[in-house]
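Engineer: what shape does this take:
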Amino acid sequence: MVGPSRLENLPDEIFLHILSFLEARDVVILQSLSKHFMRLCRDGNFWRNKCLSTPAVRERIRLFWSGSDWIDEEGAALSGALATGQGSLIEDQNEVHWSRLESLSQLSAKRRKREQIRIAANWDPTFPNENTNWYNEYFQRYGPIAVSWFEQPQIPNGSLRDRIDASGVALYNPSLIENELFAVSPLEDGSICLWDVKGTRCRQGSILAKSNPGLLCADGSGADLSRRSKMINTGVTECVSVDSKKNMAFFAVQSRLIEVDLETLQVVGNHPFEWSITTLSAADPGVPLTVGTLHGLHLHDFRARSNYREEYQIRLDAVRKNGLRDLSHVLDPRPLDPYASLAQSGPQSILHLERSGDGSQLSDDIFVAGRFSNILHYDRRMFPAIRGSIHSGAKLCSLTSLPYPFSSLNSDLRRRFQLSEEQVEKSKSVTGGRTLIACGEYNTKGSLELYGLSSGFSNVQQPRVIHESTMKNRQTASQSKLLSVINHGTRLVFSDGQGYLKWVERDGFTEVRRHKIGKSEKIVHRSLFESMPGSDEIARKILSTRTCGQDGEVRVNDDDILFWTGERLGLLSFSSEPGFSPEDFDEHPRTPEEIAAEEEEHMYGERMRLALERQARDVRFVQNLGAGNIHSGI
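Structural biologist: Numbers count the residues shown, from 1 in each chain. The predicted structure is shown next:
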């Protein structure tokens, strides 16, 4: 047996060739022996080849490759012979396209190697200069999955039955500190809650901080908290946006945009709009926030605060306290800020498009999708004039993008492994190319849509976006509505109404894997329907928890998926370890016997209460009846 010290003396190429005969889990174990082994066992090309050589990818190669045309000399000669009738030995046309995997063994070693490189180039989903960790890619594609559930907020001094639901979610990376990430949610009682997503300050998944109830209320913190209609609208998915650099969060509360300092959990701004807010864009310190209301779009520049408006609101506080309607936005003598009116109501997602080739920088392009048939395009420099639109025909609820080009034709040919290396390189090197990704519902089924965009110039020499290519997957995406879509490594991942998270390649068709969220295990059920079949949770919104280091490198196994079900938060991670659950955060965990006894005591108390109420009603009925008889006798 060769010891570790002897193996370290081997050339890297020979060592990696030896690793190719091992299973992935054995390679993972081997990397723990030394730093030298760890460096080699995480070689990007090695894990890229591992991803390519999995049975699922090999089967896809065999499926499409066997039906494609020959591109080498032997193939051209065979095609010519068949065209002239010299292929009479083959009677069945299907036998003409025999498996090219078997034919590879008959080619010379040089041509076989060249063909393998061509196939790998067609499969490779990455783009030039894209930073990819193939070690992460392998485990996100084929590794085990664990689902964890965050700690559930509770009413102070209440029991576990008095939990408070989350009404939205956004991620907060305070001061962009390395590997520190928190989830921010408005709660149904008007408070704000922060969870530690990665366990840097407290236990992973536990509550880091929670504000007082009623902080997020359209009438202010002193309003009547029993009127839930004044709190966060639970029908709005994109109701919170976070600016991590300024430690600010923006919450859509009915027709008001409330700014909160996340370091102090105090309201620092309250801005009214004419109509109810239905969606918010992501917050970025370099550009204004785009606010979508029921009938229009607004640019909210939170960098330039209006002291006049704040003072004007203070003078109207007495009016609100007297129970009258809030007329601050009506009595304000200033003219309305420019806004883009919508011919059809119901925007649900706003995307600030990235710059081509650089996902960290934003362009001036704004795309809006919702309950209308077109994706609307605005230019921030020309707002509120509309710049153009892209016809979809579906009702879309989520948008994201890639700073890389997309061509539906090239994507389909690559999916079938039919392009040459030069063609693949040319398709990925389009200058100014970007990809717009949308998801939603079309005729009750899920719709995943990809649009190829390029840059051009208008008459005034301003760069503008040109729509050039379209891919709409309305057949294999899902049998139910798609709810949210994001980029995840070199793949796309979306959630649907059946409770699945599905990963597909960037072609929008090739499914990589899927996972059903299941349901959050709860100690006490609030509803009889929670234990019925088909009551699994669905992810209304999904977010990537990836954080880059100071050197820009992607960390190992640092790209989990945070999801919001409409009531609670969960985390999907790639690990064989069991995840955490809300019960793990209980300071005084109870045994099943104690839970059953408490439930039985609660049911007995309810029966006694109902019996006493029934007895009281009978006594009142008899008393009223007696009073009636006496009155009639008089």
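Engineer: how about Glu238, nearest residue that isn't a chain neighbour?
Structural biologist: Leaving aside its sequence neighbours, Glu238 sits nearest to Thr279 (CB to CB, 6 or more residues apart in numbering; 4.3 Å). Every residue, glycine included, has its C-beta placed from N, CA and C.
Engineer: and the one you found, what does it touch?
Structural biologist: By CB atoms under 8 Å, 6 or more residues apart in numbering, the contact list for Thr279 reads 236-239, 252, 292, 347-350, 370.
Engineer: in its sheet, what does the strand or helix carrying it sit against?
Structural biologist: Using DSSP states H and E, Thr279 sits in strand 277-280. The strands beside strand 277-280 in its sheet (DSSP bridges) come out as strand 289-293 (antiparallel).
Engineer: any idea of the mean pLDDT in whatever helix or strand comes next after the strand it pairs with?
Structural biologist: Moving toward the C-terminus from strand 289-293, the next helix or strand (DSSP H and E) is strand 296-300. Average pLDDT, strand 296-300: 94.
Engineer: flag every buried residue along strand 296-300.
Structural biologist: Neighbour-count burial for strand 296-300 flags 296-300 (criterion: 16 or more other CB atoms under 10 Å).
Engineer: which one among these gets closest to Arg416?
Structural biologist: Proximity of the buried residues of strand 296-300 to Arg416 (CB to CB) peaks at Leu297, which lies at 40.5 Å.
Engineer: find the nearest non-adjacent residue to the closest one, please.
Structural biologist: Closest to Leu297 by CB to CB, 6+ apart is Ala340, at 4.3 Å.
Engineer: distance of the one you found from Val368?
Structural biologist: Note on Ala340: its distance to Val368, by CB to CB, to the nearest Å, is 9 Å.
Engineer: wait, what's in contact with the residue nearest to Leu297?
Structural biologist: Applying CB under 8 Å, 6+ apart to Ala340 gives the contacts 296-298, 378, 383-386.
Engineer: which helix or strand contains the nearest residue to Leu280 once chain neighbours are set aside?
Structural biologist: Closest residue to Leu280 in three dimensions, ignoring its sequence neighbours and counting by CB to CB, 6+ apart: Ser241, at 4.5 Å. Take DSSP H and E as the rule and Ser241 turns out to sit in strand 240-243.
Engineer: that strand pairs with which strands?
Structural biologist: When DSSP bridges is applied, strand 240-243 pairs with strand 248-253 (antiparallel).
Engineer: tell me the buried residues in the partner strand?
Structural biologist: Judged by neighbour count (16+ other CB under 10 Å), strand 248-253 contains these buried residues: 248-253.
Engineer: show residues contacting it.
Structural biologist: By CB under 8 Å, 6+ apart, strand 248-253 touches 170, 172, 184, 186, 192, 216-218, 230-233, 236, 238-243, 257-262, 268, 277-280, 283, 289, 291, 300, 302.
Engineer: now a PyMOL select for only the buried ones of these.
Structural biologist: Burial among the contacts of strand 248-253 is assessed by 16+ other CB under 10 Å; the matching PyMOL selection reads:
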select buried, resi 170+172+184+186+192+216+217+218+230+231+232+233+236+238+239+240+241+242+243+257+258+259+260+262+277+278+279+280+283+289+291+300+302
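Engineer: let me see the ranges of the strands in the stretch 401-550 of the chain.
Structural biologist: Remark: strands assigned in the stretch 401-550 of the chain by DSSP state E, counting those that start in this stretch are 434-442, 445-457, 463-473, 482-488, 491-496, 500-504, 511-516, 541-544.
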